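*Asks:* Output the structure for:
(2 chains)
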There are 2 protein chains.
Amino acid sequence: MQFELTREYIDQLKRIIEEKDEAGAIGMMDGLHPADIAEIYDELNTEEAKFLYLLLDIDTAADVLAELEEDDRDRFLKVLPIEVIAKQFIHRMDSDDAADVIGGMSEEQQEEILSHIGDIEQAGDIVDLLHYDEDTAGGLMAKELVMVNENWTVLTCLRELSRQAEDIDEIYYVYVVDDDGILKGTLSLKIMILSPTSAKISNIYQPDVMSVHTDEPDEEVARIMEKYDLVAIPVIDSIGRLMGRITIDDVVDVIRDEAEKDYQMASGLTEDVESSDSVWIQTRARLPWLLIGLMGGLISAFVISRHEGDLGNYTAMAFFIPLITAMGGNVGVQSAAIIVQGLASNSLGFESTISRLLRELMGAFVNGIICSGLVFIVNLFLVGHSFSLTISVSVALFSVIIFASIFGTLIPLTLHKMKIDPALATGPFVTTLNDIVGLFIYLSIGAYFLSFI
Amino acid sequence: MQFELTREYIDQLKRIIEEKDEAGAIGMMDGLHPADIAEIYDELNTEEAKFLYLLLDIDTAADVLAELEEDDRDRFLKVLPIEVIAKQFIHRMDSDDAADVIGGMSEEQQEEILSHIGDIEQAGDIVDLLHYDEDTAGGLMAKELVMVNENWTVLTCLRELSRQAEDIDEIYYVYVVDDDGILKGTLSLKIMILSPTSAKISNIYQPDVMSVHTDEPDEEVARIMEKYDLVAIPVIDSIGRLMGRITIDDVVDVIRDEAEKDYQMASGLTEDVESSDSVWIQTRARLPWLLIGLMGGLISAFVISRHEGDLGNYTAMAFFIPLITAMGGNVGVQSAAIIVQGLASNSLGFESTISRLLRELMGAFVNGIICSGLVFIVNLFLVGHSFSLTISVSVALFSVIIFASIFGTLIPLTLHKMKIDPALATGPFVTTLNDIVGLFIYLSIGAYFLSFI
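*Replies:* Model prediction:
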């Protein structure tokens, strides 16, 4: 059953480790899934984690290593001898996990580890996988799969399966290839069980099979598996030979990462930072956006300073600067987020930019009328500002809402066409741009209306 | 192979439909996956979609109905007679898809549809599923699964499988139950194939099986399946009886929705809106946040108006209002986003709020020094503002960065403790709060320094 990590559990475990109570520590980890142990490691310091690690049986240890988050794993691999890593862990891992672990190391370390792996076939698989870019189907796939020849009978298949399946946790699909290794289709275990043992595979396999090329981007793989509800997808090379397979659990991470990347960009973070990361890493992720905001603020200061005379005469104009900038920013981010999500989920369809913009403008018109109307009523009747100030603020607010929704719609679409991540448009970059344009509109309109006083 | 929907394809299809060319339309849809046809429907109007729909063979039609997005499906079900829906489509669907389709209808419609379903067992399954809350394991699960008794032999199993498996697309796990229907474990197809036909199931099944209760929230189901890399998970009732199973493809949607919800909140959208939604739906999703921003802007106006005298004397103070509010907003959203992501991915661990806050403050200190230092240099040496204005702006900026990072860290943690979605803290609500506090700090500091002139 699932295990829930609690503060009490960690405290008790730390106490037991401090007392070097091996039996107690083994008892506490008894029956835990490798993913649970990996979660526990995240809460321990390197010494504590190492103590626990050496108590695990070798198979569990390899699984835990595969489950660890990358920074925990790196911290960990540093304290273990290369030979132990190679012989005890890498040797027991699936090829994709092994390639991930080794891929993070220096070239010398990689060579040393590979030289310690006795199984030439496994070492070859790992070397093959290291060639692929991390963000492609080749980088996601594992070499372990169950493959049968279309010319075999069900009986031969069953014998081969029992041989091949030894290394594999779970069979989702059996892939059918021809004599050249070209992927022909899949064989359902269900159909195989129900067919006579003398049946030929070529007569019972399903020839229609979705597959991806090794160089397909990982986000595209995720999109295909999600759309067609696939649990695993075979990966082929440019002439159609079966190279490996990707399972859904690897793709779930891609889907989550992709969605989180948009959120990070909208929040002004340049990279994946965690609350537990060092001050330096967090600063590096945050500072670039802050500097953009800073530059925008200085440009805004310049825009306002051009109207120093007007402000001197009508100080009350300054009161509404935050209202204008905030509303421009909010509307722009909303418009951009709708487009960014549509692009991410591929649901924008083929509506033309013009008709999209027109619908957006109608919405902005409604929101603009409501917001500027409310501000008009508050300013004129509740607070009692002058009519010219009231009308300036409301007209400016309405214009800013219209402009911000145009920008918010067009910028992500343009970025997307230029092959730049459109999520950039929901971040501080565009908020800053909207601030400046909004101020310019407000002060120009204000100067016009107030000049009549 | 995968199908890529193009503008040209849609245009051609629309032309063919207009000409009522049935053979042409069937030709164009030949070999397409139901998910592809569902994607095409999204681009057609109801009449066009209905024309195509009536050309599909019945099995494909049922699959397409299950793949359609909810609003397309509702639009569609309205134009088809209830009896057709029941006998041709619902009857052919998996129980979870059928319950989803029926769940969106009125109670009378539900009863009418159920009365038309001949298969009592299927109707019963659907009625059972309708009882569960949509956001729970019960609402996600399907009744279709392969179940064997622990007392059977492999031979009995194989016979039963061929009977049960008829209705099921793909077998991922065979579940083992006792005579009372209590879930005991899983049986790997691999092991079954490799075991003698006389072997007893109780000797070869794996007793450790992850399962969830029917009332487990869907986000928790997603978390468990993701953590333990599961392709399917059995659902049990409160006494442990096997009730259904959830497959990963249903959970992928939950994971994506969850990540998108955070993004929407950060972008100031109250509900899931799409670019193609009507102006009214979009306005409804956007207006609440805009009104919060509006109120914040009016409060800001009030805060500034308290310093009307100072502003009248030192107009240049108004120049930096956008800089202060923008930087406060950006820093606050960054801090909050780091916490929100940590909470969402369950990776915050057990660090205390105090130590988290201290690390956040160190980061804010570094960013604050860099930003206010840069502004100081620009203002004093490049632009040539007065020393008292320069020092006011830099001291205020530094203070605002510190305050915003405290707020940004504490507010999501507090919301989470109060069981409110912490993502609220990255939305316009907190940006607005930061605007007001930032202005208050800036104007107070400015009034203090400038009073020395």
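*Asks:* For residue A:3, which non-adjacent residue is spatially closest?
*Replies:* Spatially, and ignoring its direct neighbours in sequence, residue A:3 is nearest to residue A:36 (4.5 Å; CB to CB, 6 or more residues apart in numbering or on different chains). Every C-beta, even on glycine, is put in place using the N, C-alpha and C of the backbone.
*Asks:* any idea which helix or strand carries the closest residue to residue A:300 other than its chain neighbours?
*Replies:* Among residues not flanking residue A:300 along the chain, residue B:322 sits closest, at 3.8 Å (CB to CB, 6+ apart). Applying DSSP states H and E as the criterion places residue B:322 in helix B:321-344.
*Asks:* what inclination does that helix have with respect to helix A:321-344?
*Replies:* With axes from the mean of the first three to the mean of the last three CA atoms, to 10 degrees applied, the angle from helix B:321-344 to helix A:321-344 works out at 40 degrees.
*Asks:* If you count contacts, what does helix B:321-344 end up packed against?
*Replies:* Packed against helix B:321-344, as judged by 3 or more CB pairs under 8 Å, 6 or more residues apart in numbering or on different chains; DSSP states H and E, are the following elements: helix A:248-266, helix A:279-305, helix A:321-344, helix A:428-450, helix B:248-266, helix B:353-377, helix B:387-417, helix B:428-450.
*Asks:* Can you pull the domain assignment for chain A?
*Replies:* Segmentation of chain A into domains, based on automatic domain parsing, reads A:7-132, A:146-247, A:279-450.
*Asks:* Quick one: end-to-end distance for the longest one.
*Replies:* Looking back up the chat, that one is domain A:279-450. Domain A:279-450 has its terminal residues 49 Å apart, counting by CA to CA, to the nearest Å.
*Asks:* give me every residue that touches the residue most central in space within chain A.
*Replies:* Chain A has residue A:257 as the residue nearest its centroid, 1.4 Å off, counting by CA atoms, centre = their mean. By CB atoms under 8 Å, 6 or more residues apart in numbering or on different chains, the residues touching residue A:257 are residue A:272.
*Asks:* Could you list the low-pLDDT ranges of the stretch 1-150 of chain A?
*Replies:* Low-confidence segments of the stretch 1-150 of chain A, defined by pLDDT under 70: A:1-2.
*Asks:* How about the residues of it by chain B?
*Replies:* A:1, A:2, A:7, A:10, A:33, A:35, A:39, A:42, A:43, A:69 (CB under 8 Å from any CB of the partner chain).
*Asks:* Just give me the neighbour total for the third one.
*Replies:* The local packing of residue A:7 (other CB atoms under 10 Å in any protein chain shown) involves 11 other residues.
*Asks:* Quick check: the residue of the stretch 301-450 of chain A nearest chain B.
*Replies:* With CB to the nearest CB as the measure, residue A:323 is the residue of the stretch 301-450 of chain A nearest to chain B, at 2.8 Å.
*Asks:* Please report how far that residue lies from residue A:119.
*Replies:* Distance of residue A:323 to residue A:119, computed by CB to CB, to the nearest Å: 69 Å.
*Asks:* These two: which has the busier surroundings?
*Replies:* residue A:323 (28 against 10).
*Asks:* The nearest residue to the more buried one once chain neighbours are set aside: neighbouring residues, count only.
*Replies:* Closest residue to residue A:323 apart from its sequence neighbours, by CB to CB, 6+ apart: residue B:297 at 2.8 Å. Using other CB under 10 Å, residue B:297 has 28 neighbouring residues.
*Asks:* the strands in the stretch 51-200 of chain A, which residues?
*Replies:* A:146-149, A:174-177, A:183-187 (DSSP state E, counting those that start in this stretch).
*Asks:* Reformat the ones you listed as CSV; add mean neighbour count.
*Replies:* Shown next, in CSV, are the strands of the stretch 51-200 of chain A (neighbours: other CB atoms under 10 Å in any protein chain shown):
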stretch, mean neighbour count
strand A:146-149, 19
strand A:174-177, 22
strand A:183-187, 21
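*Asks:* picking up where we left off before, these two touch, right, the residue nearest to residue A:3 and residue A:4?
*Replies:* No: taking contacts as CB atoms under 8 Å, residue A:36 lies outside contact range of residue A:4: 9.2 Å.
*Asks:* neighbour count winner among the two?
*Replies:* residue A:36 (19 against 7).
*Asks:* Could you dump the helices and strands packed on helix B:321-344 into TSV with mean pLDDT added?
*Replies:* Listed next are the helices and strands packed on helix B:321-344 as TSV, based on pLDDT from 0 to 100:
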stretch	mean pLDDT
helix A:248-266	81
helix A:279-305	86
helix A:321-344	87
helix A:428-450	87
helix B:248-266	81
helix B:353-377	89
helix B:387-417	91
helix B:428-450	87
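*Asks:* Looking at those helices, which is nearest to residue A:413?
*Replies:* Of all these, helix A:321-344 sits nearest to residue A:413, with 6.1 Å by CB to CB.
*Asks:* how far out from the middle of the chain is the closest one?
*Replies:* Offset of helix A:321-344 from its chain centre (CA atoms, centre = their mean, to the nearest Å): 22 Å.
*Asks:* Stretch A:255-262 now?
*Replies:* On CA atoms, centre = their mean, the centre of stretch A:255-262 falls 3 Å from that of its chain.
*Asks:* Render the CA-only coordinates of that stretch in CSV, please.
*Replies:* Taking C-alpha atoms only, stretch A:255-262 is exported to CSV below (Å, rounded to 0.1, in the frame of the first residue of the first chain):
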residue,chain,number,x,y,z
ILE,A,255,3.8,16.6,-19.8
ARG,A,256,4.2,17.9,-16.3
ASP,A,257,7.4,19.7,-17.1
GLU,A,258,5.9,21.4,-20.2
ALA,A,259,2.9,22.7,-18.2
GLU,A,260,5.2,23.9,-15.4
LYS,A,261,7.5,25.7,-17.8
ASP,A,262,4.6,27.9,-18.9
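*Asks:* tell me which residues in that stretch are buried?
*Replies:* Buried residues in stretch A:255-262, counting neighbours by 16 or more other CB atoms under 10 Å in any protein chain shown, are found at A:255, A:256, A:258, A:259, A:260, A:261, A:262.
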